[in-house]
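>>> take a look and give me a structure for this.
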Amino acid sequence: MRVIVVGGGVVGTMHAWQAVERGHEVVQIEREAEARGASLRNFGQIWVSGRAGGEELDTALRARELWERIGAEVPGLGFRAIGSLTPVRNAREYAVAEAAAARPDAAARGYKLVTAVEAREINPALRGTFEAALWCERDAAVEPRTAQLHLREALKASGRYTFLPGREVREVVGNGAVRDDHGDVHQGDAVVLATGAWLSGMVRELVPDLPVRRVRLQMMQTAPLGEKLTTSIADADSFRYYPAYKSDALDALNAEQAQAPVAAAHKMQLLMVQRQDGGLTIGDTHEYEHPFAFDTLEDPYEYLTEVVESFLGRPLPKIRHRWAGVYAQCTDTTRVVHRQQVADGVWLVTGPGGRGMTCSPAIAETTANELGW
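Okay, the predicted model is just below:
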């Protein structure tokens, strides 16, 4: 079988991985010289802890298994089974963490409510003030800026993979066939359009009423911390954002403890992961209304700096990078991904909504199974 994958981000690359792993030939087409979208502008978290139960959690857990397996084959991914800690500072936040740890699926997620002393034993860099923390053993991390590069090198070694950068696919021209802006036609037994947040042009023509929206976020990365951050870190605002934490305790938190004004205005939570070079990737904000701003705002960065410093009990290293990114999210946010046949032999896979890095291996596996690869 010959598979054409349109899109060089992590969702597209994982579809290429699944096809090659199953013995097929793959041509992957990317409109930029390298992928430059949400697949690079994220935390690199394999984030199991906050996922909704049912299909979403099953997908995240399966993806976590696949990431670990692929990471063993491709060491350059920098796969690390680091887990996560969410420190809590008062009784209301503690109650939400306690309710999460009592969920029927808590063991599958690796949830455990730990004391502040235990949290510092897990992550000695947490020298700030907090009362306890929610530990999630199943969370992990990879290196987002380089993951696709290393995956492609491994794919090329198969002898059944071709990467074509700098080509924008403009139209579907037949059963399993697309034409790019060089005028070249690429014919396959199946075409997967994994175009991420690029929802205009050909995608809009194929699916005018696509139930997917675009979401913008801001993030930053620091100079090396100078010590190891042994887990990823979240804050209690993540309880408000992720569906796994829904409970009466969360309702009470929302009713009785308002977010800081900056956090509320920008729909913020803290997530933080240490990169292999020692720097910290920190975010994020959420913007849903179009048109998106073209610039980044400083208030969210200042707020995140204060929160991180309060947990670390020390000044944050110099911020070296600031950026904004846009990802695609199903308008029905309970859906893991939008997967649709849009023409003969052509399928569109988009809209994981901030779950792309976490869930992409399992999303691609499901596509491959459903298409009978």
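>>> when you work out contacts or count neighbours from here on, use the C-alpha atoms and nothing else.
Noted.
>>> tell me where the longest helix sits in the protein.
Longest helix in the chain by number of residues, with DSSP state H as the criterion: helix 55-73.
>>> for Thr13, helix, strand, or coil?
Under DSSP: H, G, I helix; E, B strand; the rest coil, the three-state class of Thr13 is helix.
>>> which ones are touching it?
With contact taken as C-alpha atoms under 8 Å, 6 or more residues apart in numbering, Thr13 is in contact with Val5, Gly7, Gln28, Gln148, Leu151, Arg152.
>>> run through the bridge partners of the third one.
The residues listed as beta-bridge partners of Gln28 by DSSP bridges are Val5, Phe163.
>>> how much space separates it from Arg320?
Distance, Gln28 to Arg320, using C-alpha to C-alpha, to the nearest Å: 32 Å.
>>> surely Tyr241 touches Gln269?
Yes - Tyr241 is in contact with Gln269 according to C-alpha atoms under 8 Å; the separation is 7.4 Å.
>>> so these two - more neighbours on which side?
Ranked by neighbour count (other C-alpha atoms under 10 Å), Tyr241 and Gln269 place Gln269 first, with 25 against 14.
>>> read off the pLDDT value for that one.
At Gln269, the model reports a pLDDT of 96.
>>> the longest helix of the chain: what's the following helix or strand?
The element immediately downstream of helix 55-73 (helix or strand, assigned by DSSP states H and E) is strand 84-88.
>>> ok, residues contacting that following strand?
When contacts are defined by C-alpha under 8 Å, 6+ apart, strand 84-88 is touched by residues 94, 97, 116, 119, 130-137, 139-140, 231-236, 311.
>>> let me see the mean pLDDT of it.
Average pLDDT, strand 84-88: 98.
>>> and stretch 108-128, average pLDDT?
97.
>>> got the buried residues for that stretch?
The neighbour-count check on stretch 108-128 (16 or more other C-alpha atoms under 10 Å) flags 108-117, 119-120, 122-127 as buried.
>>> also stretch 236-245?
Those buried within stretch 236-245 under the rule 16+ other C-alpha under 10 Å are Ala236, Asp237, Ser238, Phe239, Arg240, Pro243, Ala244, Tyr245.
>>> C-alpha coordinates for it, PDB please?
Extracted C-alpha coordinates of stretch 236-245, given in PDB (Å, rounded to 0.1, in the frame of the first residue of the first chain):
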ATOM      1  CA  ALA A 236      -4.700  24.500  40.800                       C
ATOM      2  CA  ASP A 237      -6.000  26.600  37.800                       C
ATOM      3  CA  SER A 238      -5.500  23.500  35.800                       C
ATOM      4  CA  PHE A 239      -8.200  21.900  37.900                       C
ATOM      5  CA  ARG A 240     -10.600  24.400  36.300                       C
ATOM      6  CA  TYR A 241      -9.500  23.700  32.800                       C
ATOM      7  CA  TYR A 242      -9.200  19.900  32.500                       C
ATOM      8  CA  PRO A 243     -12.300  17.600  32.600                       C
ATOM      9  CA  ALA A 244     -10.800  15.000  34.900                       C
ATOM     10  CA  TYR A 245     -11.200  17.300  37.800                       C
END
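>>> quick one: residues in contact with that stretch.
With contact meaning C-alpha under 8 Å, 6+ apart, stretch 236-245 is reached by 49-53, 86-88, 93, 96-97, 99-100, 246, 250, 254, 259, 268-271.
>>> which among those count as buried?
Using 16+ other C-alpha under 10 Å, the buried members of the contacts of stretch 236-245 are 49-53, 86-88, 93, 96-97, 99-100, 246, 250, 259, 268-271.
>>> thinking again about what came up before, out of the buried residues of stretch 236-245, which sit inside strands?
Assigned to strands by DSSP state E, none of the buried residues of stretch 236-245 qualify.
>>> closest one of those residues to Asp184?
Pro243 (44.3 Å; C-alpha to C-alpha).
>>> how close does that closest one get to Glu365?
Here the criterion is C-alpha to C-alpha. By it, Pro243 lies 24 Å from Glu365.
>>> identify the residues contacting the residue lying closest to Gly356 once chain neighbours are set aside.
Distances taken as C-alpha to C-alpha, 6 or more residues apart in numbering place Val11 nearest to Gly356, at 6.5 Å, with adjacent residues excluded. Neighbour list for Val11: Ala194, Gly196, Gly356, Met357, Ser360, Pro361, Ile363, Ala364 [criterion: C-alpha under 8 Å, 6+ apart].
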